[in-house]
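A.B. asks: I need the structure of the sequence given here:
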Amino acid sequence: MAGSRRRRRSGRRRWAWWPLGGAAAVVVLAVGGTFLYIHVISGPTPAPLSLKPTSGSSSPASAGDSAATSVGGTWKIATGSVVGYRVKEVLFGQNHVAVGRTSTITGHLTISGTTVTAAAFTVQMATIKSDESERDVQFRGRIMDTAAYPTGTLTLTKPIALGTLPVVGVVKSYTAVADLTLHGQTRPVTFPLSAERTTSEIEVSGSIPVLFSTWDIPNPSFTGFVTTQNHGVLEFLLKFARS
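C.D. replies: Numbers count the residues shown, from 1 in each chain. Down below sits the predicted model:
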């Protein structure tokens, strides 16, 4: 009888540990699966959008590509333009950078002499996509509410003096002052950008820090699963062709 009671108690102890062991296994599988997804399955995080200088190419600039070539006039957004976001997140203890992008952009750039007098572009927010459909659902819904606020815009509010124009393929840095509208809120921003002339286009890249609360954007964190920083970066690579 005593042996039977000991076996029953031992059995109860084993049963008591099973839920804990099962919970631990779930955690291990979640963390391990997340690590596998982030570092193996999903591939490397896309590099920040930036210009790739061509001034080091072996083909010398022709006379028509000289710094004296006029850039005055109106330019419009061309194929190859990209706008998106970068946000650092922690998914089940694994660090990751969430990146979403779109090429659905409209806009223009106006240059008088060597001064940018006007510039603006508009993004259809619902077209921004990342590598994770569930993240995109959250982005379009509770975070950016693209049904209520379908567009994001950036509008230059201060002219940019270009100074001496560089030859084709040389990247030059400037500072821009603009109004950024996100989530129905418009706020002033000042940020650096890089510009380059190609043989037929003007390319511009830059990034703008975005503190979510400044634009009344809910923190993207999803309780129990994903934790993000309270800020992110809006990045862009815009190509302009003469209109």
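A.B. asks: and this protein, what are its domain boundaries?
C.D. replies: According to automatic domain parsing, the chain comprises the domains 1-43, 69-242.
A.B. asks: read off the pLDDT value for residue 10.
C.D. replies: Reading off the per-residue confidence, residue 10 sits at a pLDDT of 55.
A.B. asks: give me every residue that touches the most centrally placed residue in the chain.
C.D. replies: Of all residues in the chain, the one closest to the mean position by Cα atoms, centre = their mean is residue 85, 1.7 Å from it. Contacts of residue 85 were listed using Cβ atoms under 8 Å, 6 or more residues apart in numbering, and they are 98-101, 128, 210, 232-235. Every C-beta, even on glycine, is put in place using the N, C-alpha and C of the backbone.
A.B. asks: give me that answer again for 6 Å
C.D. replies: Residue 85 is in contact with 100, 232, 234, counting by Cβ atoms under 6 Å, 6 or more residues apart in numbering.
A.B. asks: got it, and residue 216?
C.D. replies: Residues touching residue 216, when contacts are defined by Cβ under 6 Å, 6+ apart, comprise 183, 185.
A.B. asks: ok, it to residue 74 distance?
C.D. replies: In this structure, residue 216 lies at 34 Å from residue 74, with Cβ to Cβ, to the nearest Å as the measure.
A.B. asks: for this structure, what spans make up the helices?
C.D. replies: According to DSSP state H, the chain carries its helices in the segments 2-36, 133-138.
A.B. asks: in the sheet, who's paired with residue 227?
C.D. replies: Under DSSP bridges, the beta-bridge partners of residue 227 are residue 90.
A.B. asks: isn't it right up against residue 88?
C.D. replies: No. Counting by Cβ atoms under 6 Å, no contact exists between residue 227 and residue 88, whose distance comes to 9.6 Å.
A.B. asks: so who does residue 120 touch?
C.D. replies: With Cβ under 6 Å, 6+ apart as the criterion, the residues that contact residue 120 are 107, 155.
A.B. asks: whoops, residue 232 was the one
C.D. replies: Applying Cβ under 6 Å, 6+ apart, we find residue 232 in contact with 85, 87, 210.
A.B. asks: quick one: least confident helix or strand in the chain?
C.D. replies: Sorted by mean pLDDT, DSSP states H and E, the helices and strands of the chain end with helix 2-36, the least confident at a mean of 47.
A.B. asks: average pLDDT across stretch 233-243?
C.D. replies: When pLDDT is averaged over stretch 233-243, the result is 96.
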